[in-house]
Every structure is written in C-alpha cells, then in structure tokens.
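Engineer: The following block contains a protein sequence and its predicted model.
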Amino acid sequence: MDAWVLLRDIFQDHQTSRAVTLKQEFTTTRMEDFPNASVYCQRLKSLADQLKNVGALVTNSRLVLQLVSGLNEAYKGVGTQIRHAKSLLPFTEARSSLVLEERELAAMVSHGSGSAMVASVDDTPLPSDKHKLTPREPKKFPRPKFGNWP
C-alpha cells in the first residue's frame, strides 16, 4: 500500500507543473507548425485530453476558440465563420469545417497551378515591332455649318 501512496504523491506533485506546461503548449499551438488541418486539430484535442487528465479541464468553447486563434491567414475566413456562428460549434464540427476548407483551398491551388503552367509554357515570340500600331494624329473633319453659325 505504501508504494501506491508514494506514487500518488509523486504524481500529484508533478500534476501542477505538468498542467502549467500543457496549458502553455495548448495556448501557443499554431496551425503553421503542422502539415495539415487534421494533424493540427488532433494535437489540440490531445493537449485538451492531457490537461483533463491532470485536472485542468478544457471546455469545448475554449478548445474551439484556440483552434480558431491558431489558424493561419489562408483559413481566417472559416475562422471568422466559426467565431460568429449563432452558438459556438462543437469541436468536431469546427474541425470538419476546417478540413473542408483545406480541401477547397487545395482544389483551388491545383486548378490555379494548372492554368499557370499553361501560361508559362507558351513562349511564342510576339510579332516584331514593325507590325505594332503607332499613334496617329486625330483626323480632322470639317465642321458642319448651320445657318449663320461659323
């Protein structure tokens, strides 16, 4: 029995310092440090679960707000939508919105890069300068005469 009491006391002594470390990591987690939205969300959820295990519960609201505050520029639009929803979404729904946005951005990039490749591959020389139009003086037309008007 004494071994269990000793282990419990050691765990409780380290619990506070572990909670401080986890809170710091939780609040400084940013999407740009991860390869994609899913991994970013998994890390936030894992940190929230670890905080719960040391007695520092992270509410759904806090988890969703941290998810939004850590987004990079490309995802600010979806972050704004999540923040301004009538009621704050559950974390799973916020995560789904973020992953969907990531897919749409990837599709836009892949379509855009295909167009850019076509444009950059076309190196056809332009017609020589002698075929360019040169500005001319405006043609002067005679003024119509009406009655006694000059």
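Structural biologist: Alright, I've got the coordinates.
Engineer: can you count the residues close to Ala37?
Structural biologist: A count of neighbours around Ala37, defined by other Cβ atoms under 10 Å, yields 23. For the C-beta atoms, the positions are set from N, CA and C on the backbone; glycine is no exception.
Engineer: wait, what's in contact with the residue positioned nearest the centre of the chain?
Structural biologist: Computing the C-alpha centroid of the chain and ranking residues by Cα atoms, centre = their mean puts Tyr75 first, at 2.1 Å. Taking Cβ atoms under 8 Å, 6 or more residues apart in numbering as the definition of contact, the neighbours of Tyr75 are Met31, Ala37, Leu98, Glu101, Glu102, Leu105.
Engineer: how much space between it and Leu7?
Structural biologist: Plainly put, Tyr75 is 43 Å away from Leu7 if you go by Cβ to Cβ, to the nearest Å.
Engineer: same thing with Leu88?
Structural biologist: Plainly put, Leu88 is 39 Å away from Leu7 if you go by Cβ to Cβ.
Engineer: More neighbours: which of those two?
Structural biologist: Set Leu88 next to Leu7 and count neighbours by other Cβ under 10 Å: Leu88 wins out with 19 against 10.
Engineer: wouldn't that one be in contact with Ser61 here?
Structural biologist: Yes - Leu88 lies in contact with Ser61 (Cβ atoms under 8 Å); the separation is 5.3 Å.
Engineer: returning to what we had before: please list only the buried members of the contacts of Tyr75.
Structural biologist: Buried positions within the contacts of Tyr75, assessed by neighbour count (16 or more other Cβ atoms under 10 Å), are Met31, Ala37, Leu98, Glu101, Glu102.
Engineer: Including distance to Gly79, secondary structure and pLDDT, could those residues go into CSV?
Structural biologist: Output for the buried ones among the contacts of Tyr75, formatted as CSV (distance: Cβ to Cβ, whole Å; DSSP: H, G, I helix; E, B strand; the rest coil; pLDDT from 0 to 100):
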residue, distance to Gly79, secondary structure, pLDDT
Met31, 10, helix, 96
Ala37, 11, helix, 95
Leu98, 8, helix, 95
Glu101, 9, helix, 93
Glu102, 12, helix, 94
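Engineer: ok, which pair from those residues is furthest apart?
Structural biologist: Within those, Met31 and Glu101 form the most distant pair, 11.3 Å apart (Cβ to Cβ).
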